[in-house]
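Engineer: below is the structure, and that's it, no one-letter string:
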Ligand code: F0G
């Protein structure tokens, strides 16, 4: 499949852009190699759940970009100034001021991570029995909805399923379906619209400014606020800058400001584009909404000016937010992911195109066509990649319950790249392992789900190789 080269997003008159790492490395951590027998034993001990592996048994950890980034010198320096006061922390003020400046929202509620912000938003503003429409919700947001008796309803755009279409904005919301809901008999059940940028379950692809604007206008015409799940907001802004007509000369900061001007607030896991190791926030335009959420904040997370994290964490977020929208940083990040994507394409490994921002998504169903969906190809490939080379990845699946693709299920394996941690040589190693698996793909065993909890099952599921029971 044709890969979308990010260089195509640049005009010919620009200087050669060599998106090398815009930093040098001063602190390193050794990698630990394991033998195939050790990995096989580790898999069995973990009941074939890669989240249950000891990190020491992982050579290259592509499980997630969440909280796994390398800290910068400036973040470390800021953390030394963490104000750990219970109330009125100066670190909170710095974080609050940064968020106000970058996003334009007055009311900032710190949380211990993204899912806590989700919980505050949903518990405060979505009564039980309501319906929350979105482009797609990430697993934790969906689970928080369900846990509060709220029904999440996804409207991913049809282009996502056109796997040959080389357009990045496959995270868009299907506006016709959203409009039918907001103007239909169920409209009164909708407290707000929630759009995820970028759409993690749609291969981390972005939402265009045009689609966001249309969603915002539609929601507001129907009297509904629009909120953003915006943990990868900088990546989304980068796609807009490179690929949406009219934005090539806009700075990332200006695009970020425009994105958030279209919404009434956001929930953010600061563990992704804000490059913190823990933390998140809910930021709102409306004081009444903020008041409702604040009650929950004090009840569940902590006082208003620390929300379950330390002053040091808030300093890391305030600095990380600015580093996350730095153009050199973003170019390097996005082109590193594209590099992995392009090398995999060269080896004939089926991937979703174009590359996501934080991750490349393998088409596990295409790579392992001999497996049925019941044999969970996305997970079977992740297990095989660990077995082959000690690389940890994770299964992602998209299974819309509504719209033209209801009933379909796309099985993917995500290779997520932690910020500023691995070099392209580490990624070359991942490509080599996958190429080797590709050559003997027909021998890869399927997985059988043994048990999983009702909510957020993927994190805690237990499996066994399909057809070869090994667990008691
Ligand atoms: N929203 C999106 C789009 C996410 O990807 C995540 C987390 C969250 C919300 C929740 O944030 O972890 O801080 O509570 N994604 C991680 C991942 C777990 O691996 O993609 P959190």
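Structural biologist: Arrived safely. Just so you know, these numbers come straight off a predicted model, no measurement behind them. Residues are numbered from 1 along each chain as shown.

Engineer: so what's the gap between stretch 446-459 and the chain middle?
Structural biologist: When C-alpha coordinates are averaged (Cα atoms, centre = their mean, to the nearest Å), stretch 446-459 and its chain have centres 20 Å apart.

Engineer: contact partners for the closest residue to residue 31 other than its chain neighbours?
Structural biologist: With Cβ to Cβ, 6 or more residues apart in numbering as the criterion, residue 31 has its nearest non-adjacent residue at 5.7 Å, and that residue is residue 59. For the C-beta atoms, the positions are set from N, CA and C on the backbone; glycine is no exception. Taking Cβ atoms under 8 Å, 6 or more residues apart in numbering as the criterion, residue 59 is in contact with 31-34, 389-391.

Engineer: mind putting these into TSV with distance to the ligand, secondary structure and pLDDT?
Structural biologist: Putting the contacts of residue 59 into TSV (distance: Cβ to the nearest ligand atom, whole Å; DSSP: H, G, I helix; E, B strand; the rest coil; pLDDT from 0 to 100) gives the following:
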residue	distance to the ligand	secondary structure	pLDDT
31	21	coil	97
32	22	coil	96
33	25	coil	97
34	23	coil	98
389	20	helix	98
390	19	coil	98
391	15	strand	98
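
Engineer: tabulate those (a markdown table), appending neighbour count.
Structural biologist: As requested, the contacts of residue 59 are exported to a markdown table (neighbours: other Cβ atoms under 10 Å):
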| residue | neighbour count |
| --- | --- |
| 31 | 12 |
| 32 | 11 |
| 33 | 8 |
| 34 | 17 |
| 389 | 20 |
| 390 | 24 |
| 391 | 23 |
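
Engineer: any idea which helix or strand in the chain has the lowest mean pLDDT?
Structural biologist: In the chain, the helix or strand scored least confidently by mean pLDDT, DSSP states H and E is helix 457-460, which has a mean of 88.

Engineer: next secondary structure after it?
Structural biologist: Scanning forward in sequence from helix 457-460, with DSSP states H and E defining helices and strands, the next element found is strand 462-465.

Engineer: who does that next one touch, helix- and strand-wise?
Structural biologist: strand 447-451 (3 or more Cβ pairs under 8 Å, 6 or more residues apart in numbering; DSSP states H and E).

Engineer: the ligand contacts on the chain?
Structural biologist: With Cβ under 6 Å from any ligand atom as the criterion, the chain meets the ligand at residues 64, 66, 113-115, 138, 140-141, 196, 200, 229, 231, 269, 271, 280.

Engineer: any idea of the mean pLDDT in the one helix or strand residue 330 maps to?
Structural biologist: Secondary-structure element containing residue 330, defined by DSSP H and E: helix 327-346. Mean pLDDT, taken over the full extent of helix 327-346, equals 96.

Engineer: list the buried ones in that helix?
Structural biologist: Of all the residues in helix 327-346, those buried under the rule 16 or more other Cβ atoms under 10 Å are 329-345.

Engineer: which residues touch the most centrally placed residue in the chain?
Structural biologist: Ranked by distance to the mean C-alpha position of the chain (Cα atoms, centre = their mean), the top residue is residue 200 at 4.4 Å. Contact criterion Cβ under 8 Å, 6+ apart gives 136, 138, 232, 396 as the residues in contact with residue 200.

Engineer: report how many residues lie close to the residue of the stretch 1-150 of the chain found nearest the ligand.
Structural biologist: Here the residue of the stretch 1-150 of the chain nearest the ligand is residue 114; by Cβ to the nearest ligand atom that distance is 2.5 Å. By other Cβ atoms under 10 Å, the residues close to residue 114 number 25.

Engineer: next up, the contacts around it.
Structural biologist: Counting by Cβ under 8 Å, 6+ apart, residue 114 touches 140, 229, 231, 267-271, 280.

Engineer: now pLDDT too, for those residues, in CSV please.
Structural biologist: What follows is these, written out as CSV (pLDDT from 0 to 100):
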residue, pLDDT
140, 95
229, 98
231, 98
267, 98
268, 98
269, 98
270, 98
271, 98
280, 98
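
Engineer: so which of the residues you listed is the most crowded?
Structural biologist: Using other Cβ under 10 Å as the neighbour definition, the contacts of residue 114 reach their maximum at residue 270, which records 33 neighbours.

Engineer: could I get the buried residue list for stretch 119-127?
Structural biologist: By 16+ other Cβ under 10 Å, the buried positions in stretch 119-127 come out as 119-126.

Engineer: now render the residues you listed as TSV, adding secondary structure and pLDDT.
Structural biologist: Listed next are the buried residues of stretch 119-127 as TSV, based on DSSP: H, G, I helix; E, B strand; the rest coil; pLDDT from 0 to 100:
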residue	secondary structure	pLDDT
119	helix	97
120	helix	97
121	helix	98
122	helix	98
123	helix	96
124	helix	96
125	helix	97
126	coil	97
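
Engineer: now those in CSV, with distance to residue 162?
Structural biologist: Rendered in CSV, the data for those read as follows (distance: Cβ to Cβ, whole Å):
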residue, distance to residue 162
119, 35
120, 36
121, 32
122, 32
123, 37
124, 38
125, 34
126, 32
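
Engineer: now flag whichever of those is closest to residue 83.
Structural biologist: Compare each of the buried residues of stretch 119-127 with residue 83 using Cβ to Cβ and the shortest gap goes to residue 120, at 23.0 Å.

Engineer: tell me what the nearest residue to the residue of the stretch 1-150 of the chain closest to the ligand once chain neighbours are set aside is bridged to.
Structural biologist: Ranked by Cβ to Cβ, 6+ apart and with sequence neighbours excluded, the top spatial neighbour of residue 114 is residue 269, at 2.6 Å. Going by DSSP bridges, residue 269 is paired in beta bridges with residue 280.

Engineer: report the contact partners of residue 269.
Structural biologist: Applying Cβ under 8 Å, 6+ apart, one finds that residue 269 lies in contact with 66, 113-115, 117, 231, 280.

Engineer: kindly report the same for residue 303.
Structural biologist: For residue 303, the contacting residues are 86-87, by Cβ under 8 Å, 6+ apart.

Engineer: report the secondary structure state of it.
Structural biologist: The local conformation at residue 303, judged by DSSP: H, G, I helix; E, B strand; the rest coil, is coil.

Engineer: so how far is the ligand from it?
Structural biologist: Shown here: residue 303 relative to the ligand, a distance of 20 Å by Cβ to the nearest ligand atom, to the nearest Å.

Engineer: for residue 316, same thing?
Structural biologist: Counting by Cβ to the nearest ligand atom, the gap from residue 316 to the ligand is 14 Å.

Engineer: tell me the strands beside the longest strand anywhere in the chain, with direction?
Structural biologist: As assigned by DSSP state E, the longest strand anywhere in the chain is strand 410-416. Based on DSSP bridges, the strands next to strand 410-416 in the sheet, each with its direction, are strand 359-363 (antiparallel), strand 394-398 (antiparallel).
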